[in-house]
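Visitor: below: sequence and its predicted model.
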Amino acid sequence: MVVAVICIFAILMLFDLPKLIKGGVQIKVMLTYLLLMSIGLAISLIVILELPVISPTQVIESAVGYMLGRR
Amino acid sequence: MNMDRNARISQIQLAMLAMGFLFGGTSVTNPAVSAGRDAWMANLISQAGSAVLIGCYAHLAKTYPGKTLVEILRGLFGKALGSVAAVLYLWYTLHIAALSLRGATAFMTNTIYPETPDLFIAVAFILVTVYMVKKGIEVVARVSELLVPIFLVSAFTLFLSLVSLYEPANFLPVLEKGFAPVGKASFFMLTYPYGEAVVLLMIFPSLHKEGNLNKSLLAAILAAGLVFLMFSARDLMTLGPDMFQRATTANFLSAKLVPGLDIEALIAINLMIGSGIKISVCLYAASIGISQLFGLDDYKPFIIPNAAILVSLSIFLFESMIQLEIWGKEVYPVYAVFFQIIIPVFMLAISLVRKRRQSPSQPAA
């Protein structure tokens, strides 16, 4: 499954990158693109590998609970 | 700088886009459900509140014509603080899109396609929205113009086909449990779906004539409010107050009760229309926002990476539909207030103070 996810991301990048390179985009665009893809891949791997990473919703829940004095 | 500066959408297209955005996943989940018999009252109160709130967003857009939310934030708070606020808004935009996607996929896999994995539905859904957003906001607006009337027609059809089952006595007694549940439901509804329209601040610069913004938004609020009121009345009169409050997908249950007809697929169609438009708008807004934040010329390279984040985030956020529902009711309204009310009102206050300080001849920064 991990290999499949990496392959999907690789295909997406192979689909996009030649167009970006051909279009002569700024280096900043390329870096931002790679950063976003890395975030997407990282979240996908967390989901697939079922890593015990705290979900953003739990962080938000804790923050809201703290603000409302529930904790 | 960047974005679809040449993209122009008409007044009616913006109204339809805003309507589709507001409908979102409400064809399945009724946000006023916690008010029980008094859901109609919560609908009306939240609609009135939304007129004020969305009016604030429109006022901001008019004060800074041609500027998106990211540009307004940076203009008001300065580059550093404005960028931080913009990042938070970009997160919020992707977050509500992920919530919407999760809600839609969970509904599909729980009711219509029980054997299909969530991921498959999510990917199929996102591919269509990616295609639309890649074609530009004009295409998303045209699709809304085409599909939102279908949503309205099917909602009215469903409302009328259940007339024989209606029990108007289900509305009584009024305010049986006092005003508190109504107030709570109204507030929830103000944050979901009305307040989420703050994301539309990324779209407003594309309106052909910005003077028509108020009319478009008012039309969207009125139509959305009427549809929500219709949903609440229909579900309450057919299911009764107990079932109405307990059911997670009251609208779908009502559709199953239509005598002699099997039209619950209309609910799924409406869900796909509403959620599709909402996710497209959010995806567009997030991509434009990122390009503006980094000072880049084009937003299109970021659509696919954002879509990839969206799909994985929609699965990562919650372990189950029940968790999503509890979080949505208990945490979301408080979390959303920050983005929907506190920051926009603060922005509005700053812009008004600045406007007063400026001479009348000078335009806003």
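Guide: Arrived safely, thanks for sending. Numbering: from 1, shown residues only, chains lettered A, B, ... in the order given.

Visitor: which positions in chain A make contact with chain B?
Guide: Within reach of chain B by C-beta under 8 Å from any C-beta of the partner chain, chain A has these residues: A:9, A:12, A:15-16, A:20, A:25-26, A:28-29, A:32-33, A:36-37, A:39-41, A:43-44, A:46-47, A:55-57, A:60-61, A:63-64, A:67-68. Using the backbone N, CA and C atoms, a C-beta is placed for each residue, glycine as well.

Visitor: mind checking which of those residues land in helices?
Guide: If you go by DSSP state H, the residues of chain A next to chain B have A:9, A:12, A:15-16, A:20, A:28-29, A:32-33, A:36-37, A:39-41, A:43-44, A:46-47, A:56-57, A:60-61, A:63-64, A:67 in helices.

Visitor: make a ChimeraX selection of the buried ones in these.
Guide: Only the buried entries of those go into this ChimeraX selection, using 16 or more other C-beta atoms under 10 Å in any protein chain shown:
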select /A:9,12,16,20,29,32,33,36,37,39,40,41,43,44,46,47,57,60,61,64
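
Visitor: in chain A, which helix or strand is least confident?
Guide: helix A:2-22 (a mean of 83; mean pLDDT, DSSP states H and E).

Visitor: restricting to C-alpha, output that one in PDB.
Guide: Taking C-alpha atoms only, helix A:2-22 is exported to PDB below (Å, rounded to 0.1, in the frame of the first residue of the first chain):
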ATOM      1  CA  VAL A   2       2.900   2.400   0.900                       C
ATOM      2  CA  VAL A   3       4.500   1.600  -2.500                       C
ATOM      3  CA  ALA A   4       1.100   2.300  -4.200                       C
ATOM      4  CA  VAL A   5       0.700   5.700  -2.500                       C
ATOM      5  CA  ILE A   6       4.300   6.700  -3.400                       C
ATOM      6  CA  CYS A   7       3.600   5.600  -7.000                       C
ATOM      7  CA  ILE A   8       0.400   7.600  -7.200                       C
ATOM      8  CA  PHE A   9       2.300  10.700  -6.000                       C
ATOM      9  CA  ALA A  10       5.100  10.000  -8.400                       C
ATOM     10  CA  ILE A  11       2.700   9.700 -11.300                       C
ATOM     11  CA  LEU A  12       1.000  13.000 -10.200                       C
ATOM     12  CA  MET A  13       4.400  14.700 -10.200                       C
ATOM     13  CA  LEU A  14       5.400  13.100 -13.500                       C
ATOM     14  CA  PHE A  15       2.200  14.500 -14.900                       C
ATOM     15  CA  ASP A  16       2.700  18.000 -13.600                       C
ATOM     16  CA  LEU A  17       6.500  18.600 -13.500                       C
ATOM     17  CA  PRO A  18       7.200  18.400 -17.300                       C
ATOM     18  CA  LYS A  19       4.500  21.100 -17.800                       C
ATOM     19  CA  LEU A  20       6.000  23.200 -15.100                       C
ATOM     20  CA  ILE A  21       9.500  22.900 -16.500                       C
ATOM     21  CA  LYS A  22       8.300  23.500 -20.100                       C
END
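
Visitor: from the contact counts, what lies against that helix?
Guide: helix A:27-49, helix B:303-316 (3 or more C-beta pairs under 8 Å, 6 or more residues apart in numbering or on different chains; DSSP states H and E).

Visitor: need the residues that contact the first one.
Guide: Right, helix A:27-49. In this structure, residues lying in contact with helix A:27-49 by C-beta atoms under 8 Å, 6 or more residues apart in numbering or on different chains are A:1-2, A:5-6, A:9, A:12-13, A:16, A:20, A:51, A:53, B:290, B:294-298, B:301-302, B:305-306, B:308-309, B:311-313, B:315-316.

Visitor: and stretch B:45-65, how far out from the chain's middle?
Guide: 14 Å (C-alpha atoms, centre = their mean, to the nearest Å).

Visitor: quick check, B:Gln11 in contact with B:Asn212.
Guide: Yes. Contact criterion C-beta atoms under 8 Å: B:Gln11 and B:Asn212 qualify, at 4.2 Å.

Visitor: buried residues, the helix or strand that contains B:Lys215. List them.
Guide: Element membership for B:Lys215 (DSSP states H and E) is helix B:213-246. Residues B:213, B:216-221, B:223-225, B:227-239, B:241, B:244-245 are the ones in helix B:213-246 that count as buried (16+ other C-beta under 10 Å).

Visitor: is B:Trp327 in a helix, a strand, or coil?
Guide: The local conformation at B:Trp327, judged by DSSP: H, G, I helix; E, B strand; the rest coil, is helix.
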